[in-house]
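K.L.:
pasting the structure only:
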DNA sequence: CAAAAATTTTAATCCCGATTAAAATAATGC
DNA sequence: GCATTATTTTAATCGGGATTAAAATTTTTG
């Protein structure tokens, strides 16, 4: 029962749970989704969720960590592929949007960070801060190498990350639309950056 | 007590309440703010809020209607001032951002629409839809008159409105920053629209 | 100032969803 | 197949914030 296969089954089910939770939170709002709602999407009873998570707060926390992870992966992979600042920005945007509307989604919108336990809250805020800083660094890089026009990187970062973070508000798994989003969004968001 | 002055006192206090609520919701999250929190900001007891509103749901609903009103006013006034499509877009953005970070704020981020009562929810969704449509109409107008490059207006609208809607997430009444936001944001968001 | 209306508070109740404990079922290892 | 472990359910409890009713206070009116 402690073999890697079993571990994986547990983790798989836990991941399914996080995605079910993200779906519910995005769809029904946080206060509007009970553990029963999340469990129902998994064909389980609410009490069963406590096998995977200590309480509802931890469920939300894990959803947010997962969201942050996906953003970080998108960023990391974009940077690893090289190129100038603009290249990396566009690639990051494509990676992240692709993950959000693709098979890694849905991703929970982080609307309840403040009501997390202090340690969880601080950790998520830190992840969030780091991601924002990483994006701003890409902008700086682009400005330095001439691929991006000089601009207020803080504000530009806020603007672009806001667009990204808001996606779950209007995208609800319409796979026909997904392709369009992946193509258009990175273009639109980077259109204003050219020198 | 039914004179216009009294009516105004009631409305004034009610408006103060909506802003206190918006502040709390943005700052502490929806589930993290109790009516006691909102009341405390007004120097009142939680029970006192029931003089102004039937229940917490109605409080949220009114916060959202207020947010929608402010957006609509920004839009309306931008259109009234004439000019081409791009002019109107930029003016709308400036008006809206100015209202959000200025003395009309804070404005509640609409993260709990789904948990509103069905009629309230539908009404707010409709307001939201209408606002998005109005913005897309400005984009169409700009494309038609040549002031805006041809683009996917739906996606472009989603991108720009997302940036706007996310502002309360990172702007928390830092008045020194406010001016910068009003200047930079409309520029950044419209930079990608030029033909 | 006295009466009436408006506003707030005090002091409960209440209700629903989170949480828990123990039992039941399912999966796995030998 | 049997013992063990993993997973889920059943059936409660529990708690905290929303809500209410009645009383108190403040404001307004004439």
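P.N.:
Nice, I can see it. On a predicted model such as this, the values are computed, not experimentally measured, just so you know.
K.L.:
Low-confidence bits of chain A, can you list those?
P.N.:
A:1-7 (pLDDT under 70).
K.L.:
which secondary structure elements does the longest helix belonging to it contact?
P.N.:
When chain A is parsed with DSSP state H, its longest helix is helix A:118-145. Under the contact criterion of 3 or more C-beta pairs under 8 Å, 6 or more residues apart in numbering or on different chains; DSSP states H and E, helix A:118-145 touches helix A:56-80, helix A:85-101, helix A:153-170. All C-beta spots, glycine's among them, are computed from the backbone N, C-alpha and C.
K.L.:
That one vs DNA strand D: in contact?
P.N.:
No. Judged by C-beta under 7 Å from any atom of the strand, helix A:118-145 makes no contact with DNA strand D; its nearest approach is 14.8 Å.
K.L.:
which parts of that helix are buried?
P.N.:
Residues A:120-121, A:123-124, A:127-128, A:131-132, A:134-139, A:141-143 are the ones in helix A:118-145 that count as buried (16 or more other C-beta atoms under 10 Å in any protein chain shown).
K.L.:
List the contacts of the residue nearest the centre of chain A.
P.N.:
Residue closest to the average C-alpha location in chain A (C-alpha atoms, centre = their mean): residue A:67, at 3.3 Å. Applying C-beta atoms under 8 Å, 6 or more residues apart in numbering or on different chains, we find residue A:67 in contact with A:22, A:107, A:108, A:110.
K.L.:
Top of those residues by number of neighbours, please.
P.N.:
The most crowded member of the contacts of residue A:67, judged by other C-beta atoms under 10 Å in any protein chain shown, is residue A:107 (27 neighbours).
K.L.:
Touching, that residue and residue A:101? I think so.
P.N.:
No. With contact defined as C-beta atoms under 8 Å, residue A:107 does not count as touching residue A:101 (9.4 Å).
K.L.:
quick one: stretch A:144-161 to chain centroid distance?
P.N.:
Put simply, stretch A:144-161 sits 21 Å off its chain's centre (C-alpha atoms, centre = their mean, to the nearest Å).
K.L.:
same question, stretch A:153-173
P.N.:
10 Å.
K.L.:
ok, that stretch near chain B or not?
P.N.:
Yes. For stretch A:153-173, a contact with chain B is found by C-beta under 8 Å from any C-beta of the partner chain, at A:155-156, A:158-167, A:169-170.
K.L.:
residues of that stretch that come out buried?
P.N.:
So for stretch A:153-173, counting by 16+ other C-beta under 10 Å, buried means A:153-171.
K.L.:
Strands - which of the contacts of residue A:67 land there?
P.N.:
When the contacts of residue A:67 are checked against strands (DSSP state E), there are no matches.
K.L.:
Identify, from the residues you listed, the entry nearest to residue B:73.
P.N.:
Using C-beta to C-beta, residue A:110 comes nearest to residue B:73 of the contacts of residue A:67, at 28.7 Å.
K.L.:
contacting residues for the closest one?
P.N.:
Residue A:110 touches A:64, A:67, A:124, A:128, A:165, counting by C-beta under 8 Å, 6+ apart.
K.L.:
what do you get if the cut-off is 10 Å, keeping everything else the same?
P.N.:
A:25, A:60, A:63-64, A:67-68, A:116, A:124-125, A:127-128, A:165, A:168, B:29, B:111, B:169 (C-beta atoms under 10 Å, 6 or more residues apart in numbering or on different chains).
K.L.:
Equivalent analysis for residue A:20, please.
P.N.:
A:33, A:37, A:38, A:39, A:40, A:41, A:42, A:44, A:49, A:59, A:63, A:106.
K.L.:
Let me see the contact set for the closest residue in space to it that isn't next to it in sequence.
P.N.:
Leaving aside its chain neighbours, residue A:20 sits nearest to residue A:41 (4.1 Å; criterion: C-beta to C-beta, 6 or more residues apart in numbering or on different chains). Shown in contact with residue A:41 (C-beta under 10 Å, 6+ apart): A:16, A:17, A:19, A:20, A:21, A:23, A:24, A:27, A:33.
K.L.:
switch to 7 Å and redo it
P.N.:
A:20, A:23, A:24 (C-beta atoms under 7 Å, 6 or more residues apart in numbering or on different chains).
K.L.:
How about the second one, nearest residue that isn't a chain neighbour?
P.N.:
This means residue A:23. In space, residue A:23 is closest to residue A:106, 4.9 Å off (C-beta to C-beta, 6+ apart).
K.L.:
what does chain A have sitting close to DNA strand D?
P.N.:
Counting by C-beta under 7 Å from any atom of the strand, chain A sits next to DNA strand D at A:1-2, A:6, A:9-10, A:13, A:39, A:43-45, A:47-48, A:50-52.
K.L.:
sorry, back to before: now render the contacts of residue A:41 as a markdown table, adding distance to residue A:72.
P.N.:
Listed next are the contacts of residue A:41 as a markdown table, based on distance: C-beta to C-beta, whole Å:
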| residue | distance to residue A:72 |
| --- | --- |
| A:20 | 22 |
| A:23 | 21 |
| A:24 | 24 |
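K.L.:
Now intersect these with the helices, please.
P.N.:
Per DSSP H, the contacts of residue A:41 map to helices at A:20, A:23, A:24.
K.L.:
Return the distance of the last one relative to residue B:121.
P.N.:
As defined by C-beta to C-beta, to the nearest Å, residue A:24 lies at a distance of 16 Å from residue B:121.
K.L.:
likewise the second one?
P.N.:
Plainly put, residue A:23 is 18 Å away from residue B:121 if you go by C-beta to C-beta.
K.L.:
Stretch A:80-91 and chain B in contact?
P.N.:
No. Using C-beta under 7 Å from any C-beta of the partner chain, stretch A:80-91 never reaches chain B; the gap is at least 12.5 Å.
K.L.:
Contacts for that stretch, please.
P.N.:
Taking C-beta under 7 Å, 6+ apart as the rule, stretch A:80-91 contacts A:78-79, A:138-139, A:141-143, A:145, A:147-148, A:186, A:190, A:193.
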